[in-house]
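1. Give me a model of this one.
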Amino acid sequence: MTDRPKIPAPIKRAVRQRCGFGCVLCGLPIYDYEHMAEWVVTQQHVSDEMTLLCPTHHAEKTRGLLPDERVRAANAAPFNLQTGETTAWKLHYAGSRCEAIIGGNQFSAATIDGDQVLVPLMIDGEPLILFLVEDGHLLMSLSVYDERNEPVLLIENNQRRIQPVGATPSASIAAGVRKPSVLRGRVLSWCATRFRSRCEYTERSV
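-> This next block holds a predicted model:
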């Protein structure tokens, strides 16, 4: 018996985009690549015959508890493409400090009881990286822009904002987001913000 070949990266990318970057049934952004027709039958990786399932739904399908018809129906109308964002996934967090390592720089702040906002990177007044400690859970928000200052990745409180492949940034997705200017020889401000207090660490750019 020969080993199953790895799924080529272009096929994985096509499946992720078509399925909305999450399980087609529940939207969870932690997923497995699943062949809707079993591998023993197809013996090949074909993007149109593959989908994304979270570990729970994948196990249910493998054990025959999840009908193939339901998987194919969800694949035709993925959960995340219907809602416009992935299902939130709470990060496992414990301890008295929150740290973010960005390149060769490290941001660290002590946490406190209750809700708290930590902003390791802010440019032109917009937090590009933000952590929210809420009810003991760590939520992350992230904004990434291309060279034209168009948003290419937006995560809000652990939810990835989704838009159709090839579409221009929509008003609903980009709402409330102010595009940062290009940084050239400027000073970056790293901020640790709490609801009633604020401290700043400023680093000179090289």
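2. Show me where this structure has its strands.
-> Assignment of strands within the chain using DSSP state E yields the ranges 32-35, 50-53, 97-102, 105-110, 116-123, 126-134, 137-145, 151-156, 159-160, 188-193, 198-203.
3. any chance of these in TSV, with mean pLDDT and mean neighbour count too?
-> C-betas here are computed from N, CA, C, even on glycine. Output for the strands of the chain, formatted as TSV (pLDDT from 0 to 100; neighbours: other C-beta atoms under 10 Å):
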stretch	mean pLDDT	mean neighbour count
strand 32-35	92	18
strand 50-53	95	26
strand 97-102	81	13
strand 105-110	82	15
strand 116-123	86	20
strand 126-134	86	19
strand 137-145	86	17
strand 151-156	86	16
strand 159-160	82	21
strand 188-193	31	18
strand 198-203	30	11
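4. Roughly how far does residue 137 sit from residue 44?
-> Using C-beta to C-beta, to the nearest Å, one gets 41 Å for the distance from residue 137 to residue 44.
5. Please read the previous query as pertaining to residue 38.
-> Relative to residue 44, residue 38 is positioned 12 Å away (C-beta to C-beta).
6. just residue 73 next, same as before
-> The separation that residue 73 has from residue 44, given C-beta to C-beta, amounts to 23 Å.
7. Ok, residue 120 next?
-> 44 Å.
8. Likewise for residue 78?
-> Using C-beta to C-beta, one gets 23 Å for the distance from residue 78 to residue 44.
9. between these two, which one's more packed in?
-> Higher neighbour count among residue 78 and residue 44: residue 78, with 21 against 9, using other C-beta atoms under 10 Å.
10. In contact with the more buried one, which residues?
-> Counting by C-beta atoms under 8 Å, 6 or more residues apart in numbering, residue 78 touches 18-20, 22, 24, 27, 52.
11. Show me what residue 100 bridges to in the sheet.
-> With DSSP bridges as the criterion, residue 100 is bridged to residue 107.
12. is it true that it touches residue 120?
-> Yes: in this structure residue 100 lies within contact range of residue 120 using C-beta atoms under 8 Å: 4.2 Å.
13. hey, what's in contact with both of those two?
-> Counting by C-beta under 8 Å, 6+ apart, the residues touching both residue 100 and residue 120 are 107, 129, 131.
14. Looking at those residues, which is nearest residue 63?
-> Distances from these to residue 63 were compared by C-beta to C-beta; the smallest belongs to residue 131, at 37.4 Å.
15. Quick check: the gap between the residue lying closest to that closest one once chain neighbours are set aside and residue 151.
-> In space, not counting the residues next to it along the chain, residue 131 is nearest to residue 118; the distance is 4.3 Å by C-beta to C-beta, 6 or more residues apart in numbering. The gap separating residue 118 from residue 151 is 22 Å, by C-beta to C-beta.
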